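Chemist: sequence first, then the predicted structure, then my questions.
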Amino acid sequence: MSAVIATSLTIVQPNQAQVLTFLGNYVGTIKKDGFWMTVPFALKKKVSLKVRNFSSHTLKVNDAEGNPIEIGAVVVFRVIDTAKATFDVDKYERFVEIQSETAIRHIAAHYPYDQYTDDARLSLRGNSDEVATELMG
């Protein structure tokens with residue numbers, strides 16, 4: 001009996017979550033830190049809830065006018081949905097890197113690097129705040 005109780009006890013650290021599965025079914029996620037009693041024999045997977053960042057590789061792309069440019073970004077992210085991060089992708093850190101690179105390429109192709117005329121078109125160099133806001137959306 002004490003072995004069954006011991007398998008149901010778990011400790012959750014601050015800024016960490018534990019995703020629980022029992023017999024192949026998702027049971028839930030514990031996000032609040034502390035000492036918890038869960039379903040006996042449930043599998044527990046730790047997921048970090050800390051804010052993380054990485055610097056993307058420098059990408060060579062063409063801007064909206066076809067000019068070759070080099071572009072990179074610092075991406076800041078945090079896991080919000082632990083179940084999706086655990087079950088929907090293999091390695092969510094790598095997934096975020098690939099999706100970020102795709103978004104950077106997509107944005108770079110929509111704007112010229114710089115604006116040389118007087119029209120009201122946005123540019124990567126002159127309107128970095130607006131471009132960053134679009135990347136977040």
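Modeler: Good, I have the coordinates. Residues are numbered from 1 along each chain as shown.

Chemist: which residues in this protein form strands?
Modeler: Along the chain, the stretches classed as strands by DSSP state E are 9-12, 16-22, 25-30, 34-37, 43-48, 52-55, 59-62, 68-71, 74-77.

Chemist: who wins for proximity to residue 111 among those strands?
Modeler: strand 68-71 (10.1 Å; C-beta to C-beta). Backbone N, C-alpha and C define where each C-beta goes, glycine included.

Chemist: packing partners for the closest one?
Modeler: Applying 3 or more C-beta pairs under 8 Å, 6 or more residues apart in numbering; DSSP states H and E, we find strand 68-71 packed against strand 59-62, helix 92-110.

Chemist: just the strands of the chain: most buried one?
Modeler: Per residue and on average, the most neighbours among the strands of the chain fall to strand 16-22, with a mean of 19 (mean count of other C-beta atoms under 10 Å).

Chemist: sheet partners, orientation included, of that one?
Modeler: strand 25-30 (antiparallel), strand 43-48 (antiparallel) (DSSP bridges).

Chemist: adding mean pLDDT, write those strands out as JSON lines.
Modeler: JSON lines is the format used below for the strands paired with strand 16-22 (pLDDT from 0 to 100):
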{"stretch": "strand 25-30", "mean pLDDT": "96"}
{"stretch": "strand 43-48", "mean pLDDT": "96"}
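
Chemist: any chance of those in a markdown table, plus distance to residue 73?
Modeler: Formatted as a markdown table, these follow (distance: least, C-beta to C-beta, whole Å):
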| stretch | distance to residue 73 |
| --- | --- |
| strand 25-30 | 29 |
| strand 43-48 | 21 |
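
Chemist: out of the ones you listed, which is closest to residue 130?
Modeler: strand 43-48 (31.4 Å).

Chemist: could you check the angle helix 92-110 makes with that closest one?
Modeler: For strand 43-48 against helix 92-110, the angle by axes from the mean of the first three to the mean of the last three C-alpha atoms, to 10 degrees is 40 degrees.

Chemist: relative to the whole chain's centre, how far out is strand 43-48?
Modeler: Strand 43-48 sits 17 Å away from the centroid of its parent chain (C-alpha atoms, centre = their mean, to the nearest Å).

Chemist: okay, domains of this structure per the record?
Modeler: If you go by automatic domain parsing, the domain ranges for the chain are 2-48, 52-136.
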